[in-house]
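> 3D model of this:
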Amino acid sequence: MPDIREEFEAWHLAKHGYITRGNEDLGEGAYGQGQCSQRWEVWQASRAALKVELPDNSARAGSDPYQDGYYACREEVEEALQQAGIEVKQQ
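Next comes the predicted model:
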């Protein structure tokens with residue numbers, strides 16, 4: 001799964017046709033062109049603002065196979081969301 005920077009650069013290249021890399025003076029991971037840097041900041045902020053609250057996971061039974069399946073799926077969904085850079089609110 002691509003990370004946030006890979007997603008941004010793929011989008012920016014498709015939308016604007018270029019990516020400008022910064023030099024050593026700009027610091028690690030900086031972009032050399034102002035608009036590209038500004039778009040990167042906005043992209044990061046938009047991803048940080050994504051938060052999902054999943055249903056309560058505290059009533060885990062252990063004896064009901066349907067509930068066990070639900071909770072196993074819920075844990076996988078939580079992990080997938082986190083890998084996609086979406087924050088999952090903890091109960």
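> which residue ranges of the chain form strands?
51-53, 87-89 (DSSP state E).
> which of those strands comes out lowest on mean pLDDT?
Least confidently modelled of those is strand 51-53, at a mean of 80 by mean pLDDT.
> for that one, buried residues please.
With burial defined by 16 or more other Cβ atoms under 10 Å, not one residue of strand 51-53 is counted as buried. C-beta: built from backbone N, CA, C; applies to glycine.
> circling back: can you add distance to residue 17 and give the strands of the chain back as a markdown table?
Converted to a markdown table, the strands of the chain look like this (distance: least, Cβ to Cβ, whole Å):
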| stretch | distance to residue 17 |
| --- | --- |
| strand 51-53 | 32 |
| strand 87-89 | 32 |
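> show me what contacts the residue lying farthest from the centre of the chain?
The C-alpha centroid of the chain is most remote from residue 63, which lies 34.3 Å away (Cα atoms, centre = their mean). With contact set as Cβ atoms under 8 Å, 6 or more residues apart in numbering, residue 63 has no partners.
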